[in-house]
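what follows is a protein structure lacking sequence information:
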């Protein structure tokens, strides 16, 4: 769980080395898929752990910025016997003393078939949890479909979850809302990829963000072609009570290409909504020969969007190389983006806007500083901001196996450290 250190540093907007700390208390490390939240000096962590057999979901916390952790971690997926069902991909969110974790659980069938989304919650900062976890999904009985790729938000006692599932054939995107910190949920799931019949086309990779009562959801949608995705959007401006009757397309690719616009990411700052994805609009005849990264934005809570997408990988001609798996964040009017540039040597690239996405750097900037004659593979990068302080993290194998690296900027991305810092130093 070395990524915990990276997440803690991101929450403070600084880059520094800290000793690795193993926080899962099993004798043999068998933990994966960590997720964290840092609130002040308290760090909350969850992960999937195979100490009992099949993966279970565990939780721990640190009250002193990650220096010390509880002597024993807590199993959260308590609705089935330990190690019996595959529980994976946990997400954690914290609001005040409310801690909520949701995950994908195969107690309804056998991995990789028939999964549901489950959650557990604590009202006292992680000290105590519900004795039995709670099934989030209301639209089908256990063992009748598969739900995956959940995202989670928590504001006070309001908890919001989106996911994709197969209940009607092809994948659709659904929404759920709890007003009591995850103890109970709406009687009916809400489908948000509206505008075509349920189950008619695949809608995948959903992501959502929340700002006040506004909930913004994006995904990659194949309603216009079975082979080429587009980026679609829906929102609720009343905490999930009502949604647009038909989702809107926000990318403007004129071509049907292999895979198309996929892997969307979203950020929000007040009434401004920012979206990024990768696409290959210049590839002919359903060949995957390149990918570029694109951006669009709304300044009015998602009501209107730019009429033209903005390409951010500007250090080379469009459609001539692979740039993919973007991430972005926003702080006030500033928007920051990173992605993988697969030209040799592979790097993490950065671009930024200081005017709500209107203008960007003329040329994107490499920030991962691989050594000379090094050609590392790079895992999906992440970026976080706190005012002008930026931290980007990723994993790469420049030294053989994958290690976790970071780079930071204290001036909104104008300058970065000359050398990336390795974080998994234990």
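Sure thing, it's come through. Quick caveat, the model's predicted, so the values are computed rather than measured.

now stretch 147-157: mean pLDDT?
For stretch 147-157, mean pLDDT rounds to 96.

how about stretch 82-101?
In this model, stretch 82-101 carries a mean pLDDT of 96.

which elements pack onto the helix or strand residue 33 falls within?
Per DSSP states H and E, residue 33 falls inside strand 31-39. Applying 3 or more CB pairs under 8 Å, 6 or more residues apart in numbering; DSSP states H and E, we find strand 31-39 packed against helix 3-12, strand 42-49, strand 87-95. For the C-beta atoms, the positions are set from N, CA and C on the backbone; glycine is no exception.

ok, and what's touching stretch 374-382?
For stretch 374-382, the surrounding residues in contact (CB atoms under 8 Å, 6 or more residues apart in numbering) are 10, 325, 327, 338-340, 344-348, 368, 370, 392-398, 402.

what residues sit buried inside that stretch?
376, 378-382 (16 or more other CB atoms under 10 Å).

among these, name the ones in helices.
Per DSSP state H, helices hold no members of the buried residues of stretch 374-382.

any stretches of the chain with poor pLDDT?
Across the chain, the ranges flagged by pLDDT under 70 are 1-19, 27-29, 426.

could you measure from the closest residue to residue 225 other than its chain neighbours over to residue 171?
The shortest distance from residue 225 to any non-neighbouring residue, by CB to CB, 6 or more residues apart in numbering, is to residue 256 (4.9 Å). Going from residue 256 to residue 171 by CB to CB, to the nearest Å gives 19 Å.

all strands for the stretch 51-200 of the chain, in order.
Listed in chain order, the strands of the stretch 51-200 of the chain (DSSP state E, counting those that start in this stretch) span residues 56-62, 74-75, 87-95, 98-105, 116-122, 134-135, 147-155, 158-165, 172-178, 190-191.

what about residue 362, how many neighbours?
Using other CB atoms under 10 Å, residue 362 has 8 other residues around it.

that one sits in which helix or strand?
Residue 362 belongs to no helix or strand, assigned by DSSP H and E.

contact partners for it?
Going by CB under 8 Å, 6+ apart, residue 362 touches residue 314.

tell me what residue 117 is bridged to.
Beta bridges link residue 117 to residue 104 when assigned by DSSP bridges.

and the gap between it and residue 137?
Distance from residue 117 to residue 137, by CB to CB: 6 Å.

picking up where we left off before, just the ones in strands from the buried residues of stretch 374-382, please.
residue 382 (DSSP state E).

mind putting the buried residues of stretch 374-382 into JSON lines with distance to residue 81?
What follows is those, written out as JSON lines (distance: CB to CB, whole Å):
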{"residue": "376", "distance to residue 81": "42"}
{"residue": "378", "distance to residue 81": "39"}
{"residue": "379", "distance to residue 81": "33"}
{"residue": "380", "distance to residue 81": "33"}
{"residue": "381", "distance to residue 81": "38"}
{"residue": "382", "distance to residue 81": "34"}
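
flag every buried residue along the strand holding residue 33.
Buried positions in strand 31-39, judged by neighbour count with 16+ other CB under 10 Å: 31, 33-38.

likewise for stretch 214-224?
Neighbour-count burial for stretch 214-224 [16+ other CB under 10 Å]: 214-223.

in these, find the pair that's most separated.
Using CB to CB, the buried residues of stretch 214-224 reach their maximum pairwise distance at 214 and 222, which is 26.5 Å.

hmm, back to that, buried among the contacts of stretch 374-382? Make that a ChimeraX selection.
For the buried members of the contacts of stretch 374-382, the matching ChimeraX selection, counting by 16+ other CB under 10 Å, is:
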select :10,325,327,338,339,340,345,346,347,348,368,370,392,393,394,395,396,398,402
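
restricted to strands, list the contacts of stretch 374-382.
Among those, DSSP E puts 325, 327, 338-340, 347-348, 392-396 in strands.

find the nearest non-adjacent residue to residue 79, please.
Distances taken as CB to CB, 6+ apart place residue 133 nearest to residue 79, at 4.3 Å, with adjacent residues excluded.

what's the answer for residue 417, then?
Take residue 417 and drop its neighbours on the chain: the residue closest to it by CB to CB, 6+ apart is residue 407, 5.3 Å away.

again with residue 106
residue 86 (4.1 Å).

residue 65 versus that neighbour, what's the distance?
33 Å.

and the contacts of stretch 310-327?
263, 265, 276-278, 280-283, 289-296, 337-343, 349, 351, 357, 360-364, 380-383.

confirm residue 293 sits in a strand?
Yes - applying DSSP: H, G, I helix; E, B strand; the rest coil, one finds residue 293 inside a strand.

got a list of what it touches?
276-279, 311-313, 323-324, 326, 337, 339.

about what we covered before: and residue 86 and residue 65? Which one has more around it.
Legend: neighbour count by other CB under 10 Å for residue 86 and residue 65, higher for residue 86 (20 against 15).

what residues are up against that one?
Neighbouring residues of residue 86 by CB under 8 Å, 6+ apart: 54-55, 105-106, 111.

please indicate which of the residues you listed are buried?
Using 16+ other CB under 10 Å as the burial test, these include 54-55, 105-106 as buried.

and the residues you listed as TSV, adding distance to residue 204?
Below are the buried ones among the contacts of residue 86 laid out as TSV (distance: CB to CB, whole Å):
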residue	distance to residue 204
54	25
55	23
105	20
106	19
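
closest one to residue 180 out of the buried residues of strand 31-39, please.
Each of those was checked against residue 180 using CB to CB; the closest is residue 37, at 19.8 Å.

beta partners of the closest one?
With DSSP bridges as the rule, residue 37 is bridged to residue 44.

quick check: it touching residue 94?
Yes - using CB atoms under 8 Å, residue 37 is in contact with residue 94, at 4.4 Å.

shared neighbours of those two, which are they?
Here residue 37 and residue 94 have residue 44 as joint contacts, going by CB under 8 Å, 6+ apart.

what's the helix or strand containing residue 336 packed up against?
Secondary structure from DSSP H and E places residue 336 in strand 334-341. Packing contacts for strand 334-341, counted by 3+ CB pairs under 8 Å, 6+ apart, involve strand 272-279, strand 292-298, strand 323-331, strand 347-353, strand 382-386, strand 389-396.

which one of those lies closest to residue 245?
Residue 245 lies closest to strand 292-298 among the helices and strands packed on strand 334-341, at 18.1 Å (CB to CB).

partner strands of that closest one, parallel or antiparallel?
strand 272-279 (antiparallel), strand 310-311 (antiparallel).

I'm done for today, thanks for sticking with me.
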